[in-house]
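Novice: Build me a model from this:
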Amino acid sequence: MNRRTLGYSFLLILVALSSTQVSAQTAVSIEALKNYELGLQQPEVADMVPGAPLLATYQPMTQKHLVIANPFENAHVQFAVTDGTRVNLGQRIATITGPSVEHFFHRLETVKAQYDVAQQQHKSKYSLYQRNALSADDWQNFLDQYLRLSDQMHEIKILLSRFHQLADDSAELKAPIDGVWQSDADDMRIGYVIDRSEIRLAVQAPNELASSVHHISVQGERFTIDYREQSTRNGFTTLWSSPLTESTFTLYQRMSVVPLRNIANAFKVPGSAVSSLNGEPVVFSVDKQTIHPIPVSVSAVEGEDYYVAASTSLDNPIVTHSVAALKGIIDSREEAQQ
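Specialist: This is a model prediction of the structure:
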């Protein structure tokens, strides 16, 4: 063994002896407190520790919205729902009135009639082409027209699934999916429907806490943090909750949420159980007939209870009453030794 290894081993022995001495000095026999009510209580393991409230906004996580284009010109739109309202598939969103409504549906019928004719012609023209009775150029020209009509019919089917004619000059817009409605000031769009699975709580967490927040609590409900943005802004990281598919919040509503953090050896204890020795917070753990101070750090306060992170697991009951008397015994002992 070289000199450096020998010196390091000697240092470890000194540290171990010192720790044993401190433990022996601060340990108190239950017998010394036989005239006091100790109120022994088993600490409650805290899987999550609440923190100071954070600001959150109820909003879409992405911009993947179902846009509802406006196929009408100079038509009046009367909304049946307000922005941020939850809508269900087939629910009426708006009523559209004006001369352009009749023109729109007449144009759709014209295109549909042209497509029906083209479908009937397709089989016969293909047969002529196969027999060389129709030139390749004529067949290609027909195919181009047929494909254009087919694309138009696809668009028409989408429009007809959203807009239903009520009268010659009026129609209603129905929700094409379950979601949240948002109107649009652009004349080219009536608005858009946001898929409910995209709407979450965007929580602004300080960078130093962001990695430890795994859940949030709001109005008595707990939600998981699904995603943490990689970029930060002004010392804050945006955390995205799991989807709030059944929420009653309005779109872009701001609120306070309680972050719930994972902390090692975290326990919920009565505030009366927490004391201090040499300026450091401790709780007093009872092991058989001996009481030992266990260093802790206070992570949060909830009513009359404290959330503490202990230096070791609190497997034994702790003292919740007469803590001041217990602290006095240890302090007096230390003063006598000085």
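
Novice: And the strands in the stretch 1-150 of the chain?
Specialist: Using DSSP state E, counting those that start in this stretch, the strands of the stretch 1-150 of the chain run over 28-29, 44-45, 49-50, 54-60, 66-69, 76-79, 86-87, 92-97.

Novice: longest single helix anywhere in the chain?
Specialist: helix 99-130 (DSSP state H).

Novice: same for that helix, what does it pack against?
Specialist: helix 136-162, strand 163-167, strand 170-174 (3 or more Cβ pairs under 8 Å, 6 or more residues apart in numbering; DSSP states H and E). Where you see a C-beta, it was placed from the backbone N, CA and C, and this is true even at glycine.

Novice: among those, which is the most enclosed?
Specialist: Mean neighbours per residue, mean count of other Cβ atoms under 10 Å, is largest over the helices and strands packed on helix 99-130 for strand 170-174, with a mean of 19.

Novice: Give me the angle between that strand and helix 99-130.
Specialist: Orientation check (axes from the mean of the first three to the mean of the last three Cα atoms, to 10 degrees): strand 170-174 against helix 99-130 gives 70 degrees.

Novice: Parallel or antiparallel, which strands does strand 170-174 pair with?
Specialist: strand 92-97 (antiparallel), strand 163-167 (antiparallel) (DSSP bridges).

Novice: Can you give the distance of the first one from its chain's centre?
Specialist: Which is strand 92-97. From the chain centre to the centre of strand 92-97 is a distance of 33 Å (Cα atoms, centre = their mean, to the nearest Å).

Novice: what's in contact with it?
Specialist: 72, 75-81, 87, 163, 166, 169-175, 181, 190-191 (Cβ atoms under 8 Å, 6 or more residues apart in numbering).

Novice: Show the average pLDDT along it.
Specialist: Across strand 92-97, the average pLDDT comes to 96.

Novice: In that strand, which of the residues would be classed as buried?
Specialist: Ile93, Ala94, Ile96, Thr97 (16 or more other Cβ atoms under 10 Å).

Novice: ok and it relative to helix 136-162, angle-wise?
Specialist: Using the same axes, to 10 degrees: strand 92-97 against helix 136-162 is 110 degrees.

Novice: Using CSV, write out every CA atom in strand 92-97.
Specialist: The C-alpha trace of strand 92-97 is given here as CSV (Å, rounded to 0.1, in the frame of the first residue of the first chain):
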residue,chain,number,x,y,z
ARG,A,92,-74.2,22.8,-36.6
ILE,A,93,-71.4,25.5,-36.4
ALA,A,94,-72.9,28.2,-38.6
THR,A,95,-75.6,29.2,-41.1
ILE,A,96,-74.6,30.8,-44.4
THR,A,97,-77.0,33.0,-46.4
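
Novice: Per-residue pLDDT of the residue nearest the centre of the chain, please?
Specialist: The chain has Ser241 as the residue nearest its centroid, 0.6 Å off, counting by Cα atoms, centre = their mean. Here the pLDDT value assigned to Ser241 is 95.
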